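*Asks:* Can you look at this prediction? I've put the sequence above it.
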Amino acid sequence: MDAPDQFMTMPGTDVVVIGAGMVGAACAYYAARAGLTVTVVDRGGVAAGTTGAGEGNILVSDKPPGPELALARHSAELWRELGDTLGGARIELEHKGGLVVATSAAELATLRTFAAGQRAAGVEAYDVAADALPDYEPHLATDLAGGVHYPQDMQVQPMLAAALLLRASRVRVLTGTRVVGLPRDPAGAVQAVATDRGLLPTRMVVNAGGVWAGEVAALAGVALPILPRRGFVLVTEALPALIRHKVYAAGYVANVERSSADLQVSPVIEGTRAGPVLIGSTRERVGFEPTFSLRALRGLAAEAVRLFPVLGSVSAIRAYRGFRPYSPDHLPMIGADPRVPGLHHATGHEGAGIGLAPATGHAVAALLAGHPPQVDLRSFAPERHDVHL
């Protein structure tokens, strides 16, 4: 068989979305709803990267007042709409709520101050006294100081959601297709996407490449400081329903915001409809090192048993790992890139990509269609790091 001719021209399209994960699928969905023709290109398969290694968090509980919380609140509204459109049961969208717990009086004071700021920004957050925690989670450890209940937190099966969103979009999807260039016209604007299967003429490109978004940007001559941040999840044997909410320790928020490359472990524990309990989360910057870290997995198990002693007699049947697209200031990069006309970015969400995907896609689609987005994107401006190649 002859090698593919990367200079063969394929049918053109208004927009090419690079990346078929949850963020790319949302960008394609809302762009198609805006009346644009869309082609999605991915080097692997649908949800084959970070999306396929995620827990499906849709959280407002972990975000301080500010631009990311505003994005999360809009996204939560859109997720509820998508539940109606795609079928909540089909994508396993669960309105389970979150419970954040503190292990000490000092940690509880910090947590409640954090929650008070969120309430002022419109988040539903309810203080829970230590003696009331069993009403929410009967199997929690009995020596916890208290917590905060966030009824707006949700959960989704991310691979199902991404696949069904692309199906609902009715867009062209080219999987197993590597982007090798972003040709530009004499004025510097994008005019096509070159792939190893041929050339896709277009005037608008969305870089939703996740941990590979920096490589995509480099093809256009600009740099995005996106780095992979590795994380592990433990999966238990199937169990009767033990855990009602998404439960995590108050230190989780601090670990998300830390910039250290070292291993950080903070328990995030939840049940699933199928029965297994998912136990996350770890964070460390080790490049794309694929090795499974026994230290990280032991840390997860120990933290889970600390919060739920009943898990001490439960077997872990497997573990999986993925790489989150890490941004140095912990904010995603969303919007048009003024350095390259026609190029847009939707990346850098780290572990919040599933939750923030609908609002990200909605905002990017508005820009592509020439309309102002509903959410202020200035804090997410891709050029804020001002890095050129």
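*Replies:* That came through, no problem.

*Asks:* Okay, now the unreliable bits of the stretch 151-300 of the chain?
*Replies:* Applying pLDDT under 70 to the stretch 151-300 of the chain flags the ranges 254-259.

*Asks:* Helices along that one, start to end?
*Replies:* In the stretch 151-300 of the chain, helices defined by DSSP state H, counting those that start in this stretch lie at 158-169, 213-219, 251-257, 294-307, listed in chain order.

*Asks:* Dump the ones you listed into a markdown table; add distance to A238 as well.
*Replies:* In short, each C-beta sits where N, CA and C put it, glycine included. Compiled in a markdown table, the helices of the stretch 151-300 of the chain are given as follows (distance: least, C-beta to C-beta, whole Å):
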| stretch | distance to A238 |
| --- | --- |
| helix 158-169 | 19 |
| helix 213-219 | 36 |
| helix 251-257 | 25 |
| helix 294-307 | 16 |
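
*Asks:* quick one, which of these is nearest to E350?
*Replies:* Closest to E350 of these, according to C-beta to C-beta: helix 251-257, at 7.4 Å.

*Asks:* Just the strands from the stretch 101-250 of the chain, written as ranges.
*Replies:* Per DSSP state E, counting those that start in this stretch, the stretch 101-250 of the chain carries strands over the ranges 126-129, 146-150, 154-155, 172-174, 179-181, 192-195, 198-201, 204-207, 227-236, 246-249.

*Asks:* picking up where we left off before, and of the helices of the stretch 151-300 of the chain, who's closest to M333?
*Replies:* Going through the helices of the stretch 151-300 of the chain one by one, with C-beta to C-beta as the measure, helix 213-219 comes closest at 7.7 Å.

*Asks:* closest one to V101 among the helices of the stretch 151-300 of the chain?
*Replies:* Of all those, the one in closest proximity to V101, counting by C-beta to C-beta, is helix 294-307 (6.7 Å).

*Asks:* quick one: buried residues of that closest one?
*Replies:* 296-297, 299-301, 303-307 (16 or more other C-beta atoms under 10 Å).

*Asks:* In JSON lines, list those along with distance to L166.
*Replies:* JSON lines is the format used below for those (distance: C-beta to C-beta, whole Å):
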{"residue": "A296", "distance to L166": "32"}
{"residue": "L297", "distance to L166": "33"}
{"residue": "G299", "distance to L166": "36"}
{"residue": "L300", "distance to L166": "32"}
{"residue": "A301", "distance to L166": "35"}
{"residue": "E303", "distance to L166": "35"}
{"residue": "A304", "distance to L166": "34"}
{"residue": "V305", "distance to L166": "39"}
{"residue": "R306", "distance to L166": "40"}
{"residue": "L307", "distance to L166": "36"}
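
*Asks:* thinking again about what came up before, tell me which of the helices of the stretch 151-300 of the chain lies nearest to V193.
*Replies:* Closest to V193 of those is helix 213-219 (C-beta to C-beta; 9.0 Å).

*Asks:* same for the closest one, what does it pack against?
*Replies:* In terms of contacts (3 or more C-beta pairs under 8 Å, 6 or more residues apart in numbering; DSSP states H and E), helix 213-219 is packed against strand 179-181, strand 204-207, strand 343-347.

*Asks:* rewinding a little: would a markdown table of the strands of the stretch 101-250 of the chain with distance to L263 and mean neighbour count be doable?
*Replies:* Shown next, in a markdown table, are the strands of the stretch 101-250 of the chain (distance: least, C-beta to C-beta, whole Å; neighbours: other C-beta atoms under 10 Å):
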| stretch | distance to L263 | mean neighbour count |
| --- | --- | --- |
| strand 126-129 | 30 | 15 |
| strand 146-150 | 25 | 24 |
| strand 154-155 | 25 | 26 |
| strand 172-174 | 36 | 19 |
| strand 179-181 | 32 | 17 |
| strand 192-195 | 37 | 22 |
| strand 198-201 | 41 | 18 |
| strand 204-207 | 29 | 28 |
| strand 227-236 | 9 | 21 |
| strand 246-249 | 16 | 26 |
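
*Asks:* Those: which one's closest to T85?
*Replies:* For these, distance to T85 was read as C-beta to C-beta. The smallest value, 15.2 Å, belongs to strand 154-155.

*Asks:* between the helices of the stretch 151-300 of the chain, which one is nearest to L227?
*Replies:* Ranking the helices of the stretch 151-300 of the chain by distance to L227, with C-beta to C-beta as the measure, places helix 213-219 first at 7.8 Å.

*Asks:* Please identify the buried residues of the closest one?
*Replies:* Judged by neighbour count (16+ other C-beta under 10 Å), helix 213-219 contains these buried residues: 213-214, 216-217, 219.

*Asks:* which one of those is nearest I18?
*Replies:* Of all those, the one with the least separation from I18 (C-beta to C-beta) is V216, at 5.5 Å.

*Asks:* so the closest one touches N207, yeah?
*Replies:* Yes - applying C-beta atoms under 8 Å, one finds V216 in contact with N207, separated by 4.6 Å.

*Asks:* which ones are touching the nearest residue to L219 once chain neighbours are set aside?
*Replies:* Across the structure, with C-beta to C-beta, 6 or more residues apart in numbering as the measure, the residue nearest L219 apart from its sequence neighbours is L182 (4.5 Å). With contacts taken as C-beta atoms under 8 Å, 6 or more residues apart in numbering, L182 has the following neighbours: 190, 192-194, 205, 216, 219-220, 340, 343.
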